[in-house]
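S.K.: Sequence isn't available, so here's the structure alone:
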Ligand SMILES: NC(=O)c1ccc[n+]([C@@H]2O[C@H](COP(=O)([O-])OP(=O)(O)OC[C@H]3O[C@@H](n4cnc5c(N)ncnc54)[C@H](OP(=O)(O)O)[C@@H]3O)[C@@H](O)[C@H]2O)c1
Ligand SMILES: *[C@@H]1O[C@H](CO)[C@@H](O)[C@H](O)[C@H]1NC(C)=O
């Protein structure tokens, strides 16, 4: 038997180590004056990120398709304390679009936040390959194009490349075939690129963000009656992403316990799949 004193001591050391590794090292000053390009900034998590960056005093370029919404977000950003805000309309389903916002970065760039996604149905696979091809362009290829255009600028500033993904980009879930594929693709591309940047001793960090169900209008509307899970607040998800990018974390998990799920992912695959499926309403799709 282990003496209780020693067991307590060991538990204390473990708790201490966990607290050390999970401590919040975020310093808001590191974002004050930072130059940020944020995609998908007209609604949802992107809009919330725009407001947080503004409170921290960043200079922001916003992009999405709808100019009227971007205009409103821009005005609120200025009220909240953003040093400078521009917006540019671009449709990422067009292969030429990603260069447009990058052309605005004459003054340099510190954070590139890739966040936009194309609309996709939340239901069983219906064989629509054309939709998958289109979604790959919007959710994946445009990220690759934006990142490659911005990399030389980020290399100069030793900046952060922040890629917003999803739990379904680490563990596949039902009703998300094409979406899940685009998010897995992001992990493959950007984790490989992270290796190469390290090998070339380039000081650009890549932060991949793994989010659970978040209460954006789009997500709530799509999942209503189809998923038995509660959604987490978009403003908190947005802050977790920003902190991860600013502290140069390789991955961000929000809520935090998704990291445990991802660690355990391949331990009991059959049981895992049964549990996952039990959260989805089969008759709704
Ligand atoms: N909400 C969730 O439950 C959840 C869960 C896990 C991960 N995430 C991730 O979080 C990120 C943000 O999601 P969200 O829930 O905030 O989504 P959202 O509210 O639907 O926002 C999507 C953004 O992308 C823009 N967009 C859509 N199609 C576009 C196109 N063709 N070209 C350029 N921009 C386009 C939209 O603006 P316009 O329509 O004006 O273009 C909007 O600003 C995504 O990467 C998503 O995968 C979300
Ligand atoms: C499952 O979906 C069906 C069909 O849309 C719906 O009638 C039912 O209420 C849903 N079940 C739950 C528990 O939400």
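M.R.: Yep, it's here. Keep in mind it's a predicted model, so treat the numbers as computed, not measured. Ligands and ions are numbered 1, 2, ... in the order given.
S.K.: Looking at the stretch 1-150 of the chain, which residue is nearest ligand 1?
M.R.: Closest approach between the stretch 1-150 of the chain and ligand 1, counting by C-beta to the nearest ligand atom: residue 44, at 2.2 Å. To be clear about C-beta, it is placed using only N, CA and C from the backbone, and glycine gets the same treatment.
S.K.: how near is that residue to residue 168?
M.R.: According to C-beta to C-beta, to the nearest Å, residue 44 stands 16 Å off from residue 168.
S.K.: can you give me the helices in the stretch 101-250 of the chain?
M.R.: 129-136, 142-157, 177-199, 217-223, 234-246 (DSSP state H, counting those that start in this stretch).
S.K.: pLDDT at the residue of the stretch 1-150 of the chain closest to ligand 1, what is it?
M.R.: Per-residue confidence (pLDDT) for residue 44: 98.
S.K.: same check, this time on the one 5 residues further on
M.R.: Confidence at residue 49, expressed as pLDDT, is 98.
S.K.: so it is in which element?
M.R.: Using DSSP states H and E, residue 49 sits in helix 44-55.
S.K.: Show me what that helix is packed against.
M.R.: In terms of contacts (3 or more C-beta pairs under 8 Å, 6 or more residues apart in numbering; DSSP states H and E), helix 44-55 is packed against strand 35-39, strand 59-64, helix 67-80, helix 217-223, helix 234-246.
S.K.: between the third one and helix 44-55, how big is the angle?
M.R.: Just to be clear, that refers to helix 67-80. 30 degrees (axes from the mean of the first three to the mean of the last three C-alpha atoms, to 10 degrees).
S.K.: which helices and strands does helix 67-80 pack with?
M.R.: Helices and strands touching helix 67-80, by 3+ C-beta pairs under 8 Å, 6+ apart, are helix 44-55, strand 59-64, strand 84-89.
S.K.: Out of those, the one nearest residue 226 is which?
M.R.: Residue 226 lies closest to helix 44-55 among the helices and strands packed on helix 67-80, at 18.5 Å (C-beta to C-beta).
S.K.: Can you pull out the residues in contact with that closest one?
M.R.: 31, 34, 36, 38-41, 60, 62, 64, 73, 76-78, 80-82, 85, 113, 115-116, 164, 211, 214, 216-219, 234-235, 237-239, 241-242 (C-beta atoms under 8 Å, 6 or more residues apart in numbering).
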